[in-house]
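K.L.:
My questions concern the predicted model and sequence given below.
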Amino acid sequence: MFRRYLRLLKVRLRASSLLAMQYQADFLLDGLISLFWMASALVPLFVVFQSAQRQIEGWSFGESLLVIGWFTLLQGILEGAINPSLQGVVEHIRKGTLDFVLLKPADAQFLVSTENFLPWRAINLVAALIIFGYGFHLIGRGPSLLGVAISLVLLGTSVLLLYSLWILTVCAAFYVVKVDNLTYLFSSIFDAARWPAPVFRGVLAFVFTFVIPLAVMTTFPAEAMLGRLPWTALVWALLGSLLFAFFSRRVWLHSIGRYTSASS
């Protein structure tokens, strides 16, 4: 079963790559635009640290760059692997073509989640590595092997959280016709993940830790690379991501159960 879905994933990745390379000029232009937006994400950080004596809530400029690096990496995954496919679900529901997906002999959630990829978004990975390198250059030391290993584990939990949140958002399309505004709102909220979690106080701190866990996605991996993430935080991140995944799966199955095609 696992090998079957792995082969199917490879086929879909290859199809998306061939489709993207079909128009090479667009492929290069999209990559350049992506670089521009990544550079613009650094501007607020430069502005803030220019007038804050190089420390904000205990985070130096170099340490904050690590958070930006994780934000850049996850933004590439969101906009290159998660968003394109799941936006297609909304269109399937509107047009009543989700029936064709449900009739195929494979899990519907897997099929809609791997329908389309934007391979040029891999440039975010390169940019994130450059930002990590510059951040540690400013800090004056490199990450430990244990810190890198824990941050990679947290990368898995972050992707799982991001994907689960998107599944929950897309499931709203089964109940209301138009959810474009909701997906745009989520993308706007995700922009807050570029800042270290201690910047947020009160209600925002609670929301960005437990409801929309942006802190777990970017600040926790950065703290792991710095070697100051408590083990309890790692355990809670693992449990929380599994809980989000389980809950989103149940909501997806319940939503599919209520789905009626456009011809019904």
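P.N.:
Happy to help now that I have it. Numbering: from 1, shown residues only.
K.L.:
Quick check: residue 36 vs residue 29, distance?
P.N.:
Noted for residue 36: a distance of 11 Å to residue 29, by CB to CB, to the nearest Å. Any C-beta I mention is one placed from the backbone N, CA and C, and that applies to glycine too.
K.L.:
Residue 216 too?
P.N.:
Residue 216 is 34 Å from residue 29, by CB to CB.
K.L.:
Looking at these two, which one has more neighbours?
P.N.:
Taking other CB atoms under 10 Å, residue 216 and residue 29 do not tie; residue 216 has more neighbours (25 against 12).
K.L.:
The more buried one against residue 243, yeah?
P.N.:
No - shown here, residue 216 and residue 243 do not form a contact pair, counting by CB atoms under 8 Å, at 11.8 Å.
K.L.:
Setting aside sequence neighbours, what's the nearest residue to residue 102?
P.N.:
residue 108 (5.4 Å; CB to CB, 6 or more residues apart in numbering).
K.L.:
wait, doesn't residue 27 sit right on residue 18?
P.N.:
No - between residue 27 and residue 18 there is no contact under CB under 8 Å: 11.2 Å.
K.L.:
which one of these two has more residues nearby?
P.N.:
With neighbours defined as other CB under 10 Å, residue 27 and residue 18 compare such that residue 27 has more, 15 against 10.
K.L.:
Going by secondary structure, that one is in what exactly?
P.N.:
Assigned by DSSP states H and E, residue 27 falls within helix 24-50.
K.L.:
what's the angle from the strand or helix carrying residue 3 to helix 24-50?
P.N.:
Assigned by DSSP H and E, residue 3 belongs to helix 2-21. If you take axes from the mean of the first three to the mean of the last three CA atoms, to 10 degrees, helix 2-21 sits at 100 degrees to helix 24-50.
K.L.:
neighbours around the residue nearest to residue 102, how many?
P.N.:
Residue 108: 17 surrounding residues under other CB under 10 Å.
K.L.:
Return the residues in contact with it.
P.N.:
By CB atoms under 8 Å, 6 or more residues apart in numbering, the contact list for residue 108 reads 101, 102, 256.
K.L.:
10 Å instead, please
P.N.:
Contacts for residue 108 were tallied using CB atoms under 10 Å, 6 or more residues apart in numbering; they are 89, 98, 101, 102, 252, 253, 256, 259.
K.L.:
Quick check: the fourth one vs residue 111, distance?
P.N.:
With the distance defined as CB to CB, residue 102 ends up 9 Å from residue 111.
K.L.:
Nice, that's everything, thank you.
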